[in-house]
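Chemist: mind looking at a prediction? Sequence and model below.
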Amino acid sequence: MLHVLIALGLALGLGTGLLAAATGSEVLAAIAAGSAPLGTAFMNAIRMVVIPLVMAVIFTGVAGLGDPRKLGKLGGFTLGFFWITVLPAIVIGMGTMWFALRFAPDMAAPAVEAVQPAELPSFVDFLVSLIPSNPFAAASNGQLLPLIVFTVLFAAATGALSEQHRTTLVTLADAVSEALIKLVWWILWLAPIGVFGLAAPVTAQLGWGLVQSLAIFVLSVIVALAIYITLVYLPLLGFVARVSPVKFVAATFGAASLAFSTTSTVAALPVTLEETKGNLGVSDPVADLVLPLGASMYRAGSALFQGAAVVFLAHLFEVPFPMTAVGGAILATFLVSLTVAPVPSSGVMTLAPALDVVGVPMSGLAILLGIDRIPDMFRSTTNLLGQITASVLVDRWVGQDGEASKPPT
């Protein structure tokens, strides 16, 4: 229901802006311009939640793992697969979008609140800046990337504490995350109005070109996801686990359908466990660890979407995106994609660190939010297929007893 309302708000905003641009009506132009404060208020509410939500979710995901040494080969192979396969997803998303933008119409940059992007530092300065001298100052200044690094280090230290202290901190972080997620839901119920207030003024200025570019964005993300599955998951399943694409699709159809319709791999988890064990023969110890862990922290499809979104928004707002900025954007996308919060359109809402690195205005988040339902269904399905692929491969590599095993002949 919420996605329908957000889409309706976007459609009304786009329609009002298009009519104002096509007819030159002063009344429609005044409505479009007058709705801008609604969009500003909505974006302020999003910014209010982004920093504490990202910190709480990342802390819970990392600290909840406990001492990394206790994971052994099973956890090591699982996390290694998660981290390694996220990077090509981001690169494929960026590359596909760069190619697709060659067919996008030329547009003037939308009118947004002036944002002075920081000068890009050298590589050494960039690495040094990742360690904040004052995490609270970094939070107040909106410097999300150094704050994420601090949170990861703090969570890793928490995971090495005694069970009593670690449980206390993780429980507190869980409670904070739940409260912030509830606040996000409240904000999202105002999203139809906020999206209208952001879409109408921009569309009145840009006209039909914005709608064409949004269509190119959605199609490019879907194509990039298909390329990623074809180049990464299917070859690994075929050559390493010796599972054919036809068998894999048939074995995971129920879970994939549920993830596609609900845009949630967590909601599909019971069916995912059943099909992975029963249809693909993954052992209980492997499936019971890899699949819940993957549902909570592995979202390669979301990482691909975010990489594509950064390139698209930089093009839309005419923000220079030189190769020197690509590394920072990939690193920011990599970190947040591993711990995307389980809320609607979370792949959009956690784009802030990557946009901050490149210098793209945060107003671009609302432009994507209204059309996010379609790419969200496809990337959620990709996330699920990646989680199942991870469980199959880890089961073949490690086996039930934690010793390396060979794939069946």
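Modeler: Yep, it's here.

Chemist: shaky segments in the stretch 301-409 of the chain?
Modeler: Where the stretch 301-409 of the chain drops to pLDDT under 70, the residues are 324, 336, 338-346, 349, 370-371, 373, 399-409.

Chemist: for the stretch 51-200 of the chain, same thing?
Modeler: The model of the stretch 51-200 of the chain has pLDDT under 70 over residues 58, 61-62, 64-73, 105-127, 142-145.

Chemist: mind listing the strands for it?
Modeler: Under the criterion DSSP state E, counting those that start in this stretch, the stretch 51-200 of the chain contains no strands.

Chemist: the stretch 51-200 of the chain: helices as residue ranges?
Modeler: Assignment of helices within the stretch 51-200 of the chain using DSSP state H, counting those that start in this stretch yields the ranges 72-100, 123-129, 135-140, 144-159, 163-189, 191-206.

Chemist: just the mean pLDDT for stretch 290-299, thanks.
Modeler: The pLDDT scores in stretch 290-299 average 79.

Chemist: so how far is it from its chain's centroid?
Modeler: 14 Å (CA atoms, centre = their mean, to the nearest Å).

Chemist: list of residues touching that stretch?
Modeler: If you take CB atoms under 8 Å, 6 or more residues apart in numbering as the criterion, stretch 290-299 is touched by 61, 74, 78, 82, 86, 265-266, 269, 272-273, 276, 337-340, 342, 347, 379, 383, 386-388, 390-391, 394. (Glycine included, C-beta is placed from N, CA and C.)

Chemist: mind listing what the most centrally placed residue in the chain touches?
Modeler: When the chain is reduced to its mean C-alpha position, the nearest residue by CA atoms, centre = their mean turns out to be residue 347, at 3.0 Å. The neighbours of residue 347, taking CB under 8 Å, 6+ apart as the test, are 299, 302, 305-306, 340, 372, 376, 379.

Chemist: which SS state does it fall under?
Modeler: Applying DSSP: H, G, I helix; E, B strand; the rest coil to residue 347 yields a three-state assignment of helix.

Chemist: excluding sequence neighbours, find me the nearest residue to residue 237.
Modeler: With CB to CB, 6 or more residues apart in numbering as the criterion, residue 237 has its nearest non-adjacent residue at 4.5 Å, and that residue is residue 243.

Chemist: is the one you found in a helix, a strand, or coil?
Modeler: Assigned with three-state DSSP, residue 243 falls in the coil class.

Chemist: right, and it touches residue 235 too?
Modeler: No: with contacts counted by CB atoms under 8 Å, residue 243 stays clear of residue 235, the gap being 11.1 Å.

Chemist: who has more neighbours, the two?
Modeler: With neighbours defined as other CB atoms under 10 Å, residue 243 and residue 235 compare such that residue 243 has more, 22 against 11.

Chemist: could you tell me the model confidence score at that one?
Modeler: The score at residue 243 is 91. That number is its pLDDT.

Chemist: show me the contacts for it.
Modeler: Taking CB under 8 Å, 6+ apart, we find residue 243 in contact with 237, 280, 392.

Chemist: how close does it sit to residue 284?
Modeler: For residue 243, the distance to residue 284 (CB to CB, to the nearest Å) stands at 18 Å.

Chemist: please apply the same query to residue 314.
Modeler: Between residue 314 and residue 284 the distance is 46 Å, computed by CB to CB.

Chemist: give me the more crowded residue out of these two.
Modeler: Neighbours around residue 314 and residue 284, counted as other CB under 10 Å, are more numerous at residue 314. The numbers are 21 against 10.

Chemist: just to check, residue 306 is in contact with residue 351?
Modeler: Yes: proximity of residue 306 to residue 351 meets the contact threshold set by CB under 8 Å, at 5.5 Å.

Chemist: which one of the two is surrounded by more residues?
Modeler: The residue with the greater number of neighbours, taking residue 306 and residue 351 and applying other CB under 10 Å, is residue 306; the counts read 31 against 26.

Chemist: the helix or strand where that one lies to helix 72-100, inter-axis angle?
Modeler: Here residue 306 sits within helix 300-316, counting by DSSP states H and E. Note on geometry: by axes from the mean of the first three to the mean of the last three CA atoms, to 10 degrees, helix 300-316 and helix 72-100 are set 30 degrees apart in direction.

Chemist: then helix 300-316 to CSV, C-alphas only?
Modeler: The C-alpha atoms that make up helix 300-316 are tabulated as CSV, following Å, rounded to 0.1, in the frame of the first residue of the first chain:
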residue,chain,number,x,y,z
ALA,A,300,24.7,-7.7,-3.9
GLY,A,301,21.7,-6.6,-5.9
SER,A,302,21.3,-3.6,-3.7
ALA,A,303,25.0,-2.8,-4.1
LEU,A,304,24.6,-2.9,-7.9
PHE,A,305,21.5,-0.6,-7.7
GLN,A,306,23.4,1.8,-5.5
GLY,A,307,26.4,1.9,-7.8
ALA,A,308,24.1,2.6,-10.8
ALA,A,309,22.2,5.2,-8.8
VAL,A,310,25.3,7.2,-7.9
VAL,A,311,26.3,7.4,-11.6
PHE,A,312,22.8,8.3,-12.6
LEU,A,313,22.3,11.1,-10.0
ALA,A,314,25.7,12.5,-10.7
HIS,A,315,24.7,12.8,-14.4
LEU,A,316,21.3,14.2,-13.5
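
Chemist: what comes up buried for the helix or strand containing residue 396?
Modeler: According to DSSP H and E, residue 396 maps onto helix 373-397. Judged by neighbour count using 16 or more other CB atoms under 10 Å, the buried positions of helix 373-397 are 373, 375-397.

Chemist: could I get the contacts of residue 347 as CSV with distance to residue 197?
Modeler: Listed next are the contacts of residue 347 as CSV, based on distance: CB to CB, whole Å:
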residue, distance to residue 197
299, 29
302, 26
305, 24
306, 24
340, 26
372, 17
376, 22
379, 26
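
Chemist: mind picking the two most distant members of these?
Modeler: In the contacts of residue 347, the most distant members under the criterion CB to CB are 299 and 372, with 14.1 Å between them.

Chemist: between those two, who's got more neighbours?
Modeler: Counting neighbours by other CB under 10 Å for residue 299 and for residue 372 shows that residue 299 has the greater number, 31 against 26.
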